[in-house]
Structures are given as structure tokens and as C-alpha cells.
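Undergrad: Sequence first, predicted coordinates after that:
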Amino acid sequence: MAGTAVRVLFVLAVFATTTSPAQPGLKLSSLTPGTEWTTRITNGDFQSQGPLVGGQHPNPTGWSGFGEMSADAGTNTVRSDTGIVAKGYVTSGGTVSLRQRQVILETATDYVLSAYMWNFGDTANYVNAVVDFNDAPGEPQLTLYAGEEADQGYFIYKYFNTSVTGTNLTLRAFYDGLTGTGTSSAYFPLAAQWDNIAITKASYFALPQTNSIVALTLSRTNASSLLAWPITLLELKPHWTSNVASSPPWTRLTNVVTISNTQNIVPLSNLTGARFFNLADAVDTSTLNRKMLLGYQGWFACPGDGSPVNAWIHWFRSQTPSAANATVDFLPDTSELDADELFNTSMTYSNGTPFRVYGAAKRKTVVRHFKWMRDHHIDGVFLQRFTSELGSSSFASWRNQVTSNVWAGAEAYGRVFAIMYDISGQQPGTLVSTLTNDWNFLVNTMKVTSSPRYQRHRGKPVVAIWGFGFTDRPGTPQEALIVINQFKAAGFTVMGGVPTYWRTLNNDSQSDPAWANVYRAFDIISPWAVGRYGDNAGADGFKQNLIVPDLALTTSLGLDYMPVIFPGFSWHNLLNGPLNQIPRSAGNFYWRQAYNAVSAGCTMVYGAMFDEVDEGTAMFKLAPTVAELPAQGTFVPLNIDGTSLPSDWYLRLAGAATRMLRGDMPITATRPNNP
């Protein structure tokens, strides 16, 4: 086929992602069971079957009730059922069979009730399979009816709050509504099944991954062709090869992808010889190479947002949410957020309506942020985790809540995430134990690195530590090496957020020669750069004097190098600095840094930051003009430099910079006019 005009098409691509359906139910056949993040109730998986009676186990440990039910080997089960489920029969013709147990939950807390459920009925013979709280007020009743592959099982879930339901509840798994024989003849006398019943704090809950098949089509007109595939939650990119028989590497197509109606479209021209095409995840979780990750602070909280701290955090310096107390210089564009995501401040717009902000405890908001990343082709984030907060149970719980939200967002929209510890403000005496104990909790209790969207590099999950070696941060060289070596020995790739002058041990770096060995112990070096220069000329000098020699040294040492770029800087309200201290220049300053990093040969970039409005480095959707800002106080609109910009301008630029880093567009010093 070589040398001919024949094209052979690889049609199907399999991918995994997480969705939130309009009605809370997912077919087990469409998901990867066991990938959900839930907390099963005691014996909610029925593995403790209880005594054998007449060949069955009608009294699973901890459950009581009546009717024909038992804990035995299931039908049409999946791997995570581990063989045993609760089964409901209709031999006697009884209209109801039920098992129940007591559960005690925390007060005024959001939870998710979930279960695997099966219904083996048909249109004439069926029961209703149910899990509920015995008619408690506002109970989250889970019901599975016959039909729609109900015999193959569903994952069903619903949210509730104990301020409505109460905390001392009777959990029931039962069937009722017997019609006809109660089940189809193919399954008689088995009518329904239940397994993996869980009650999970909403802050921890994450849906299982779902599997789908996407059709990739090729249409040809004379010498030109179009590749097309449907829009999906997960961003997919086309790849090609000339020969599938010899297992050659697939090459990423760099052609621009456009959207027409519900289809992704890629034009192809001048095709010669055999061409095979497939679709693959646009964001490769296995490597940091050719990636830009943004820092995600996730540190905003508001009273009533569902966070354990239940207070104004990082928006204001006190619990009076007025302009005089504001600690941020930029403000987000919240026009897309729903009413339940926003919280009134004492500030108002010019028309007198309350100015409202968001809290990162709201999963919907954080997941929305990841949708913005997907929409703008941004790979993902390093989630900041501040060790100084972890000694407080409420702050630690809040941080876990935000981590859960980031996890859910990354899986929902096919982005990646990794943990970055920030040791600023940490008490020196507990630095090592705080880092090692908390990482053990995240890995072994929360199991964050088990997420298919957790970022890996060099075959291992990535964890970053920011702050070792700075002149104003805690820790000795010996303590730093203990943490780094322990993390590496446990099987992780460790990145260091290090001082700008790590290589020369001066200026912002401590001068003790022992720090040189610490810096070289990291697998990845990421020197801080925010505020180290303030215009394009300064960025160019930084490239020549720091990035180029830094990259040369890390390459010689076999280490990876991840420079930091930022859009501008302003902390007038936080620390009384000049307003718009480092101007953004409509993105020209940011683009120059991205160009400098890529043209210097860097293969990975850290973007400061996605949501940092306190220091004015935020990249997410921002208020574009004073009309979108409070009438009170002093803040920075996007058009402060004299150029009218859309609220998502810096997300667009970050996406374009990512394409330049990947090689999907030419390396250019000229900022795109319409990224």
C-alpha cells in the first residue's frame, strides 16, 4: 500500500471519564465498578453473611427484617461485588421483603447515599427495588424499576443533608410493589439485588468512571479529507501512523481542531500512502513532558458554603466582608455560576445588588473550573496543600473537601492533578511529621494517587513540595532530605518548588552549602519566578541568566526542569503594594515568558496560578471591566492596561501556550491575537 492514495481508518477509540447524569443512575455495564469514591456502611457489601439456614444466609450480620432475602452469591455481578450481594426472592408471593439497620451520622452535613442495585423484572412481572431511610423527612430514596438493562445492574446515588433527615436513621434495602410473579421467567424466583450500600460525605464522594466508544470517521473530497468525531466530556486528540502491523509509534496530529455542531473536525490534505488514525486522551497522565500545569490554590471559603471552617477565608481579612477588608486585587467573573454557588458580601454593584463570590468547598464550582480547563485545552493543576493549616481539624477537613472536588473535576473533564505541599508558615518542630503523616493519609486513606487522572512522571505518581531552602521558610537541609528521600523510597516522583537562585545559593536561597544536595535530590526542579521581573526585557534577561543555565545543569544531572511563568502581579489590597504592580499588558508579558521557556528547550511549564486573586496572578475567568466589579473599593479589571479583553482571555492564552509547548503550533514570540 505504500506510495498509493489508500487510507485505512482506525474507527474506534475507548476512553474513560466521569459524568453527572440528570437522574442519578449509571449502568454497571457502562462504568468501571470500584472506581467510585464512597464509604460503605458496616456490612454494606454483605460479605459477613451470617449463619447458614436452609442453604441460604437470610440474616447478614448487623441487618434485620422480614421476607425472602439473603446474602449469597449474586447474579450478573461485577468485580467489585466480590461475589456476595443481598438478594430478594418472590417464591412465597409476599409483596414486601426488607432488611434494615441503624446508622448514625453527623449533624447538618451533606452526604450521598449510593448502592449497586439490580431489578430482574419485565414489563408484566416486577417489583420495585429500593434503598431509603424509612420515610425520614427529605430522605434520598433510591429506586430501580424493571427494564433498561436493570437486570445488569445500576449504580444509583442521591444527595441529602442531615439537617433535614436527622442523624439517627433506619437504613432499609427492600422491594415492594409486587406485580405478576414479581420477576421475569428467566430469573425466577430472584427479583432484585443490592450491594455496596454506602453513605459518603459529599465532600469525599466521586462517581465511578464510565466507558464509552467514540466513532472516528473519515470523509474524502478529491485531495482533501476531514476527520470527525463527536464532542465528548473527555478531550480526545487524533493520532496517525503509516503501518499498524509493525507496531510503530502513533504520532499526534497537530492540525487545528474546530467544532461544527456536535462534531470535532480536523481537515487533512496531501495525504500520501497508507494512513491509520485513532483517538487518544488529549492529556496523557503518564508524563509531565509537554505539559503546562497551573497552580490551584482552592483556598477560598465563605460562611454557609458547606466548608467545615464556615468563614470568610482569603476573600477578606476579617469576618466583615466589606471592601475595606478585601485582600484580593482581581475578582472572578461569576456570571456562569448558579445561585447555590455564590455568597453575598457587603459590597454591591453600582446598581445596588450584592456582589457575590464563591467557595471552593462547593463541588459544582470546582468541577466547573475543570470544565473551563477542558474548554481551553489546559492540562490540569497542582493542587496546593498548606501544611500550616493541617494542624486544625476543621481546616484539614476543608482541605480534604477541596481535594475531593479537584479529584472529581479532573475525572469529569479529563484533566490531571497532583498535590503540591506549601510549607509556608509551618511550625519548624513538626515540619517532617506533618508532611510525611499527611502524605500517608492522602495516599493510603483518601487514596488520591489511585485516581486515573492523578499525574504521573517517570512511571510514578508526582508529589511536589514548595518552600524548602527559601530564606523565609522553615526546615533544615537534613529535614528536607528526610522528607524527599522518604517520598522517593515510597515510590513517588518528587518535585521541588525551590528558590529562584537554587543553583547559586544566594538571594532568595539559603546559603548553607548543604542545600545544594537537597535541591539535587529532587526529581524535578521548579524555581519560583513570580515577581522576579516585571516586563518583557526583564523576562528576557531572566531567560538568559537563569532558565538557560538552570536547564543545562538539570539536564546534566538527569533531572527535569519546570520553570514558572505568570501573567502579572498586584497585591494592593493584601499588603498595600502598588495597584497593578506588574502590568499584564493584555497578555503580552505572559506570552513572552511562555515563548522564552519553550524556545529555551523546556519541556514542561508551571503556570502561576489558576485562581490566585490575592496576588493578582489568576488565570481563570476574571471581571473584564469596572462594571463587573463592586462599586466600593479598589480592584483591577482586565482592561486596566487599555485593551478590552474577554473574561477568559488568560485561559485562552494558557491553552495556546500549551499548544506551543506540545508542538501543536509554531514557537513564536508574537502573542496570538485570537487564541
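TA: Sure, I can see it.

Undergrad: right, and the secondary structure at residue 516 would be what?
TA: Of the three states, residue 516 takes helix under DSSP: H, G, I helix; E, B strand; the rest coil.

Undergrad: How is the closest residue to it other than its chain neighbours assigned, secondary-structure-wise?
TA: Nearest non-adjacent residue to residue 516, counting by Cβ to Cβ, 6 or more residues apart in numbering: residue 505, 6.4 Å away. All C-beta atoms are positioned from the backbone trio N, CA, C, and that covers glycine. Assigned with three-state DSSP, residue 505 falls in the coil class.

Undergrad: Residue 204 is in contact with residue 37, isn't it?
TA: Yes. Here residue 204 reaches residue 37: they are 6.1 Å apart, a contact under Cβ atoms under 8 Å.

Undergrad: Can you pull the residues that touch both of the two?
TA: residue 404 (Cβ atoms under 8 Å, 6 or more residues apart in numbering).

Undergrad: Could you tell me the end-to-end distance of stretch 52-68?
TA: End-to-end distance of stretch 52-68 (Cα to Cα, to the nearest Å): 14 Å.

Undergrad: can you list contacts of that stretch?
TA: Applying Cβ under 8 Å, 6+ apart, the contact partners of stretch 52-68 are 42-43, 46, 48-51, 69-72, 86, 88-92, 94, 96-101, 172, 174, 189.

Undergrad: burial count for residue 226?
TA: 15 (other Cβ atoms under 10 Å).

Undergrad: how about the nearest residue to the residue nearest the centre of the chain, chain neighbours excluded?
TA: In the chain, the C-alpha nearest the mean C-alpha coordinate belongs to residue 410, at 2.6 Å (Cα atoms, centre = their mean). Distance criterion Cβ to Cβ, 6+ apart; nearest residue to residue 410, sequence neighbours excluded, is residue 453 at 4.0 Å.

Undergrad: got a pLDDT number for that neighbour?
TA: Looking at residue 453, its pLDDT is 91.

Undergrad: Can you name the residues that contact it?
TA: Counting by Cβ under 8 Å, 6+ apart, residue 453 has contacts 285, 380, 407, 410, 411, 414, 415, 416, 417.

Undergrad: Go ahead and confirm the last one touches residue 382.
TA: What that stands for is residue 417. Yes. Using Cβ under 8 Å, residue 417 is in contact with residue 382, at 7.5 Å.

Undergrad: which neighbours do the two share?
TA: Common contact partners of residue 417 and residue 382 (Cβ under 8 Å, 6+ apart): residue 296.

Undergrad: Which one's more surrounded, the two?
TA: residue 382 (30 against 26).

Undergrad: name the element residue 88 belongs to?
TA: Secondary-structure assignment from DSSP states H and E places residue 88 in strand 84-89.

Undergrad: what helices or strands is that strand leaning on?
TA: Helices and strands touching strand 84-89, by 3 or more Cβ pairs under 8 Å, 6 or more residues apart in numbering; DSSP states H and E, are strand 69-73, strand 97-104, strand 168-179, strand 190-201.

Undergrad: Need the winner for burial among those strands.
TA: strand 190-201 (a mean of 25; mean count of other Cβ atoms under 10 Å).

Undergrad: Output it as PDB, nothing but the C-alphas.
TA: Only the C-alpha atoms of strand 190-201 are listed here, as PDB (Å, rounded to 0.1, in the frame of the first residue of the first chain):
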ATOM      1  CA  LEU A 190     -34.800 -13.900  42.000                       C
ATOM      2  CA  ALA A 191     -36.500 -10.400  41.800                       C
ATOM      3  CA  ALA A 192     -33.800  -7.900  43.000                       C
ATOM      4  CA  GLN A 193     -30.300  -7.400  44.300                       C
ATOM      5  CA  TRP A 194     -28.400  -4.800  46.400                       C
ATOM      6  CA  ASP A 195     -24.700  -4.400  47.100                       C
ATOM      7  CA  ASN A 196     -22.100  -1.900  48.200                       C
ATOM      8  CA  ILE A 197     -24.500   0.300  50.100                       C
ATOM      9  CA  ALA A 198     -22.700   3.400  51.100                       C
ATOM     10  CA  ILE A 199     -23.300   6.700  52.900                       C
ATOM     11  CA  THR A 200     -20.500   9.100  52.000                       C
ATOM     12  CA  LYS A 201     -19.800  12.600  53.000                       C
END
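
Undergrad: I'd like to know which elements it is packed against.
TA: Applying 3+ Cβ pairs under 8 Å, 6+ apart, one finds that strand 190-201 contacts strand 84-89, strand 110-119, strand 126-132, strand 168-179.

Undergrad: any idea how far the shortest one is from the chain center?
TA: Just to be clear, that refers to strand 84-89. 35 Å (Cα atoms, centre = their mean, to the nearest Å).

Undergrad: And the contacts of that strand?
TA: 45-47, 49, 60, 63, 67-75, 77, 97, 99, 116, 118, 127, 129, 173-175, 189-195.

Undergrad: just the last one next, same as before
TA: Among residues not part of strand 168-179, those counted as contacts by Cβ under 8 Å, 6+ apart are 41, 65, 67, 69, 86, 88, 90, 93-105, 115, 121, 124-134, 136, 182, 191-192, 194, 197, 199.

Undergrad: run the last query once more with 6 Å
TA: Here strand 168-179 makes contact (Cβ atoms under 6 Å, 6 or more residues apart in numbering) with 86, 88, 95-101, 103-104, 126-134, 136, 191-192, 194.

Undergrad: Give me the below-cutoff pLDDT ranges for the stretch 51-200 of the chain.
TA: 80-81 (pLDDT under 70).

Undergrad: Please read the previous query as pertaining to the chain.
TA: Using pLDDT under 70, the flagged stretches of the chain are 1-24, 80-81, 209-213, 222-223, 244-248.

Undergrad: Tell me where it has helices.
TA: Using DSSP state H, the helices of the chain run over residues 162-165, 363-375, 393-413, 431-441, 477-489, 514-521, 536-542, 548-557, 572-575, 588-599, 649-662.

Undergrad: Check which residues of the first one are buried.
TA: What that stands for is helix 162-165. By 16 or more other Cβ atoms under 10 Å, the buried positions in helix 162-165 come out as 162, 165.

Undergrad: and what of the third one?
TA: Residues 395-396, 398-413 are the ones in helix 393-413 that count as buried (16+ other Cβ under 10 Å).

Undergrad: what angle sits between that helix and helix 363-375?
TA: Relative orientation of helix 393-413 versus helix 363-375 (axes from the mean of the first three to the mean of the last three Cα atoms, to 10 degrees): 40 degrees.
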